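Peer 1: here is a sequence together with a model predicted from it:
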Amino acid sequence: MKKAFFSLLLAGACLTAQSQPALQMRLPAKNPMTSWGDQGNGSYINPILNADYSDPDVIRVADKYYMVASDFHFLGMQVLESDDMVNWKYVSQIYTRFDSPEWEKNERYAGGSWAPSIRYHDGQFWVFFCTPDEGLFMSHAPQAAGPWSPLHLVASVPKWEDPCPFWDEDGQAYLGRSQHGAGPIIIHKMSPDGTKLLDDGVTVYQGPVAEGTKIHKWNGYYYISIPEGGVGGGWQTILRSKNIYGPYESRRVLEQGSTDVNGPHQGAIVDTPDGKWMFFHFQSDRMLGRVVHLQPMHWQDGWPVIGVDIDRNGIGEPVLSWQKPVPGTEPFAPRTDDDFSGPGLALQWQFNHNPVDSAWSLEEKPGSLTLHALKAETFPLARNTVTQKTMGYLGEITTVMNLSGMAEGQRCGLACMGMENYLLGVRMENGRKILYLSRQTRIPRTKDTETRETDLSDVRKKAVYLRLSLDFKREVFQFSYSFDNKDFTPVGDAFYVHFGNWKGPRAALYCYNTLRDAGTVSFDWFRYSHDGPKGLLSLE
């Protein structure tokens with residue numbers, strides 16, 4: 001590889017914001033170099049996906065690459081596709097709901113899908129994942145774009161995690177997994193159709209927080225790739241044996257070392273059709289969540305060598321920049337904008353817990369997302385809150401909200417969700433529309449703290465533009481509003497939302513009523529500019 005692409009510079013330490021001026025944003029020059037992802041010159045900068053795609057798993061099928069990640073209480077699990085391992089787009093969602101009463105009451109925060117695996121076998125894509133409460137699930141599809149089969153509960157057992165299927169050359173199927181906590185690594189025999197386990201499993205390895213099982217077979221060896229050491233400060237371990245049940249040799253192959261990339265682990269080993277090897281992993285970034293890095297890899301004496309051994313201790317360390325494994329693709333990031341003109345919600349959107357399908361519509365007012373307000377005590381308990389990941393270090397989100405259908409007690413608007421929830425919205429109070437701010441904890445039944453900002457009834461506006469400006473490096477977020485989408489007025493003080501419930505901060509559109517089921521709101525569009533490839537924003 002050309003030396004121009006070898007960069008052992010590491011990501012700078014995150015900046016903590018104190019008292020900060022208003023966010024300054026601008027449109028950059030054409031084809032700017034961005035601080036992450038595809039650089040447009042044949043190289044990339046880590047993270048390749050600067051958003052919360054936690055516990056990523058990736059496979060190659062022919063000349064395409066496919067990724068899944070943990071989505072927890074946001075539904076449903078997204079499938080992404082790439083031509084070059086660096087630029088990714090959504091192609092499907094695997095499921096839309098869990099059949100459990102708790103998922104109808106918004107009582108599964110931090111539950112849901114943990115560390116899925118995706119595989120291709122017998123002409124089908126297969127995805128397996130565990131939830132901490134319900135058990136081990138499986139779905140399959142003839143194409144990554146679907147349709148995906150209804151979720152099948154393979155095993156109704158709580159506190160399993162991080163499953164991975166494996167079909168051996170003789171047709172015997174296996175499933176590897178770990179235990180909530182995490183570890184040990186356990187191997188089960190499984191029916192070839194993936195619908196049931198055939199035994200209680202055999203423990204093949206015990207290690208410090210051993211989880212994230214990924215099983216492969218190359219050149220007669222079984223390889224189990226696992227993260228160890230915990231989310232924030234762990235490393236990647238490779239196990240190798242001639243027998244799937246062991247005994248296994250082990251080798252640490254990737255660690256933080258002298259870099260600033262903490263906990264470089266849990267991911268996927270993937271090759272290209274022409275024989276290049278790469279390794280995907282996450283980094284637990286205290287700002288955005290668990291972001292995705294891509295490391296070079298090669299083989300030496302039958303063992304993967306990942307990253308670059310900067311400190312010369314025999315263990316690889318993450319690189320900041322590298323040559324793209326597959327050249328030619330123009331830079332882009334996963335979709336964030338939406339004009340709500342499609343037949344269904346765009347794939348970047350995920351509901352918080354199970355949706356109530358009768359209470360949202362793209363057809364009631366064509367070209368808009370209409371939400372009907374259902375009764376809820378607090379925002380965390382509100383049904384049909386629709387969310388998407390925040391993307392990049394710097395972002396600006398704007399939406400327009402039609403208020404003509406509001407009812408007494410209704411609240412609707414734009415939110416930022418995480419450890420805390422911050423809302424800018426409009427509530428109907430004594431027949432008047434009031435612009436308000438709210439801050440809530442992640443505890444679902446904690447009473448909302450609301451502040452009255454502006455009485456909108458006096459200005460007789462049927463619509464209001466809401467904006468959320470994001471600067472993760474300075475830890476400064478700011479809400480503002482406008483009546484003409486030109487002049488925006490800041491609302492309240494700057495704030496910040498932390499990682500919580502195993503997920504990074506999210507943008508959300510919400511609508512609920514504290515009194516009864518009554519009222520509607522329509523969002524005509526949602527625009528999200530950011531500092532990533534073709535995201536159109538940069539720091540000034």
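Peer 2: Thanks, I have the structure now.

Peer 1: Pro343 reaches Leu362, doesn't it?
Peer 2: Yes - using Cβ atoms under 8 Å, Pro343 is in contact with Leu362, at 7.4 Å. (C-beta placed from N, C-alpha, C; glycine too.)

Peer 1: quick one: which of those two has more around it?
Peer 2: Leu362 (16 against 6; other Cβ atoms under 10 Å).

Peer 1: dump the residue contacts of that one.
Peer 2: Phe340, Gly342, Pro343, Gly344, Leu345, Ser368, Leu369, Thr370 (Cβ atoms under 8 Å, 6 or more residues apart in numbering).

Peer 1: and Gly220, how many neighbours does it have?
Peer 2: Neighbours of Gly220 (other Cβ under 10 Å): 7.

Peer 1: got the phi and psi for it?
Peer 2: When quoted as degrees, to the nearest 10, the phi and psi of Gly220 stand at phi 80, psi 0.

Peer 1: distance of it relative to Leu175?
Peer 2: Counting by Cβ to Cβ, to the nearest Å, the gap from Gly220 to Leu175 is 21 Å.

Peer 1: same question, Gln300
Peer 2: From Gln300 to Leu175 the distance is 30 Å (Cβ to Cβ).

Peer 1: do the same with Lys461
Peer 2: 57 Å.

Peer 1: what about those two, which has more around it?
Peer 2: Leu175 (27 against 13).

Peer 1: before we move on, back to that, what would the contacts of Leu362 look like in TSV with secondary structure, pLDDT and distance to Ala145?
Peer 2: Shown next, in TSV, are those (DSSP: H, G, I helix; E, B strand; the rest coil; pLDDT from 0 to 100; distance: Cβ to Cβ, whole Å):
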residue	secondary structure	pLDDT	distance to Ala145
Phe340	coil	97	21
Gly342	coil	92	14
Pro343	coil	92	14
Gly344	coil	93	13
Leu345	coil	96	16
Ser368	coil	97	26
Leu369	strand	98	23
Thr370	strand	98	27
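
Peer 1: compare these and tell me which has the most neighbours.
Peer 2: Ranking the contacts of Leu362 using other Cβ under 10 Å puts Leu369 first, with 25 neighbours.

Peer 1: please name the bridge partners of that residue.
Peer 2: Phe523 (DSSP bridges).

Peer 1: my understanding was that it contacts Tyr510; is that so?
Peer 2: No - contact between Leu369 and Tyr510 fails when scored by Cβ under 8 Å: they sit 11.5 Å apart.

Peer 1: between these two, what contacts are shared?
Peer 2: Contact criterion Cβ under 8 Å, 6+ apart; residues shared by Leu369 and Tyr510: Val386.

Peer 1: how far away from the center of its chain is stretch 406-418?
Peer 2: 23 Å (Cα atoms, centre = their mean, to the nearest Å).

Peer 1: what's the mean pLDDT across that stretch?
Peer 2: Averaged across stretch 406-418, pLDDT comes to 97.

Peer 1: which parts of it are buried?
Peer 2: Met406, Glu408, Gly409, Gln410, Arg411, Cys412, Gly413, Leu414, Ala415, Cys416, Met417, Gly418 (16 or more other Cβ atoms under 10 Å).

Peer 1: and the contacts of the helix or strand hosting Glu161?
Peer 2: Using DSSP states H and E, Glu161 sits in strand 160-167. Contacts to strand 160-167, defined as Cβ under 8 Å, 6+ apart, come from residues 55, 57, 114-115, 117, 119, 121-122, 126, 128-130, 132, 135-136, 138, 173-180, 182, 190, 192, 194, 211-217, 244.

Peer 1: against Ala333, how distant is the residue nearest to Gly342 when sequence neighbours are not counted?
Peer 2: What sits nearest to Gly342 in space, not counting adjacent residues and going by Cβ to Cβ, 6 or more residues apart in numbering, is Leu362, at 7.2 Å. Going from Leu362 to Ala333 by Cβ to Cβ gives 24 Å.
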